[in-house]
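# what shape does this take:
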Amino acid sequence: MPSLHRLFPFLAWPRPDAALLRGEFLAGLTVGLMLIPQAVAYAGLAGMPLVTGIYASLLPALVAVLFGASARLSVGPTALTAMLVSASLSGMAMPGSERWVELAVWLALLTGALQVMLGFARFGWLLNLVNSPVLMAFTQAAALLIVGSQLPALLGLAGDWSHVLEQRQWHWPSMLFGVGTVLLLTLARRWKPAFPTVLVAVLASAGLSVWLGFRASGGEVIGALPQGLPSLYWPGWPGWSTLGQLAVPTLVITLVSFLETASSAKVDNGRKGQRWDQDQDLIGQGLAKLSSALVGAFPTSSSFSRSALNLYAGAQTGWATIFSVGVVLAALLFLIPVLHHVPRAVLAAIVVVAVLGLIKPREFLKLWRLSRVEAGIAAATVVITLLAAPQLYWGVLAGVLMSLSHFLYLRLHPRIIEVGLHGDGSLRDRHLWSLPPLAPDLYALRMDAALDFATANAIERNVTEYLSAHPGTRHVMLIAHPINWIDATGVEAFGRLESLLSVRQVALHLVGTKLPVENALRGAGHLRPRPDLHLYRTEADALKACAALRGETQDWVSP
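Residues are numbered from 1 along each chain as shown. Below you'll find the predicted structure:
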């Protein structure tokens, strides 16, 4: 049965009753009413035909909830993933064209297949490649770009920013629709977050558009959308060179979209008090992307705002998502004509309000207080993302490379300190706390890292330099309990260190060696009994030996 639940997670859902289904329906209705206009707006952000946003909210959401581990996530179009799709395809085709749709579908296929393979291979740990500062910085930079891309439409300016300076007149009705929608949605989010204000704004703007003759006055509206269920879609072969161009975007969309999922899934599973199965969610999200491709849509992801609304509305199981899919399906079948008259400025306002919450400058100040290096990496990620636009995925790649370089630098430069006995009985940094040595002619050191290929050279160099500067040293004590791992390079380095000490007639004292490390050293023959090697299980035992080295007769007693 566990293996069956692994393949079909929805089998673990609780048996529904009338009360549960009533609550799930209300939650699904709330999310579905919010999803409909958002899906259309995000399709426009991705450069796709607007109706594909609704297509991406049907089958992908259903597949994700059935095969994912986090059943209360709202899966479908998201602003960040839509922006990445648009950035990835920029220069390869005209937005909205048949070629653009074909390439977007290939992105969905490639990212979906990659996520499914990573999930089955249990490679969810790859999430750790992108740390929190880099993701925060990239998200905020992308949010700024998204807002910038929507401002011309929101303010009633034709075209993009390249045409703004050439334009002499503003379309004031479009500006009023856009700014008014922004104010309405912002106030409603603060006062009534569960109310379907987005849908109300869309319907009201459609009615006002018809009444005021908005299109006749030069205003831009959504226009006619196909009505009815999507047909099966399979893209043509793009060629190996085109697939090569899509390789980097595929990796970035795969990573970033699943990090979007992680932010929501951790909250969901934390509230339920259970461990998050990231590999199963990788499979579910990957299958959702594949199903999105099959209906001619673009890559999907988990929306943090809609998932939060789902939880806020009281969703308990995946039935809420099934009901929300039903709401979107009903809209596709019966409400599509209403969207015809909705001003484009309203769609731009929906996108702007959705991403404004991602812009949090104070996060950089908090990060600066915690780590100036990581704050610098985050700032560089923002700058690179903005400068690389529209290929903004280079920003997150640069951030990942910088954070990994910082990580490697720290690994290659481990913290190695000389210790002394503090007044509270603990061993601390001797130079930081101005402590006397543990004993004459004794060098007591501690390395707060594993002894492996990255740190072996550092500890060898540290001991060698100390002995050269202090030729009278006759004892070296290594506090080894922080060393929880040793590899072949570390074992070789320990052997060379032993030989160095033996040649200089210096005794080696090992304190608190962990069993895996001790077994590796014994297997290599480095811990054979001899007069110049002393092993201690605890720091207290080592300190008693130091007392003897100082010529003291009394035992050291831990306070």
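# now the nearest residue to Ser301 once chain neighbours are set aside: phi and psi?
Excluding its sequence neighbours, the residue lying closest to Ser301 (C-beta to C-beta, 6 or more residues apart in numbering) is Ser257, at 3.8 Å. Placement of C-beta: from N, CA and C, glycine included. The phi/psi pair for Ser257 (degrees, to the nearest 10) reads phi -70, psi -30.
# now do the contacts for Ser257.
Ser257 makes contact with 78, 80-81, 84, 111, 285, 299-302, according to C-beta atoms under 8 Å, 6 or more residues apart in numbering.
# and these, which of them are in helices?
80-81, 84, 111, 285 (DSSP state H).
# any chance of CSV for these, columns pLDDT?
Listed next are those as CSV, based on pLDDT from 0 to 100:
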residue, pLDDT
Leu80, 90
Thr81, 93
Leu84, 92
Thr111, 96
Gln285, 94
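# for these, which one is nearest Trp485?
Comparing the ones in helices among the contacts of Ser257 against Trp485 with C-beta to C-beta picks out Gln285 as the nearest, at 32.7 Å.
# now the helix or strand where Ile283 lies, how far from the centre of its chain.
Using DSSP states H and E, Ile283 sits within helix 278-294. Distance, stretch centre to chain centre, for helix 278-294: 17 Å (C-alpha atoms, centre = their mean, to the nearest Å).
# so what does the helix of greatest length in the chain touch, helix or strand wise?
Under DSSP H, the helix in the chain containing the largest number of residues is helix 18-45. Applying 3 or more C-beta pairs under 8 Å, 6 or more residues apart in numbering; DSSP states H and E, one finds that helix 18-45 makes contact with helix 51-55, strand 75-76, helix 79-89, helix 132-154, helix 197-212, helix 304-312, helix 319-334, helix 344-356.
# what are the buried residues along that helix?
By neighbour count on 16 or more other C-beta atoms under 10 Å, the buried set for helix 18-45 is 20, 23-45.
# where's Ser90 relative to Met402, distance?
Using C-beta to C-beta, to the nearest Å, one obtains 24 Å as the distance from Ser90 to Met402.
# typo on my end, Ser264
26 Å.
# looking at these two, which is more packed in?
Ser264 (25 against 20; other C-beta atoms under 10 Å).
# for the strand or helix carrying that one, buried residues please.
Assigned by DSSP H and E, Ser264 belongs to helix 247-272. Neighbour counts over helix 247-272 (16+ other C-beta under 10 Å) mark 249-265, 267-269 as buried.
# before we move on, what about stretch 185-202?
Under the neighbour-count criterion of 16+ other C-beta under 10 Å, stretch 185-202 has 185-186, 188-189, 196-199, 201-202 buried.
# distance between the ends of it?
One end of stretch 185-202 to the other measures 11 Å (C-alpha to C-alpha, to the nearest Å).
# distance from the chain centre to that stretch, please.
The chain centroid and the centroid of stretch 185-202 are separated by 28 Å, computed with C-alpha atoms, centre = their mean.
# please settle this for me: is Gly314 part of a strand?
No: using DSSP: H, G, I helix; E, B strand; the rest coil, the secondary structure at Gly314 is coil, not a strand.
# tell me who's in contact with it.
Going by C-beta under 8 Å, 6+ apart, the list of residues near Gly314 reads 23, 26-27.
# ok, Pro440 touching Ala547?
No: in this structure, Pro440 is not within contact of Ala547 by C-beta atoms under 8 Å, at 12.0 Å.
# number of nearby residues for the nearest residue to Ser264 once chain neighbours are set aside?
Nearest-residue entry for Ser264: Ser307, 4.0 Å, with adjacent residues in sequence omitted and distances by C-beta to C-beta, 6+ apart. Neighbours of Ser307 under the rule other C-beta under 10 Å: 25.
# which pLDDT value goes with Ser307?
On pLDDT, Ser307 comes in at 87.
# which ones are touching Gly236?
So, once contact is read as C-beta under 8 Å, 6+ apart, Gly236 ends up touching Glu102.
# look at it and give its secondary structure.
Classification of Gly236 using three-state DSSP returns coil.
# ramachandran coordinates for it?
Torsion angles, degrees, to the nearest 10, at Gly236: phi -80, psi 160.
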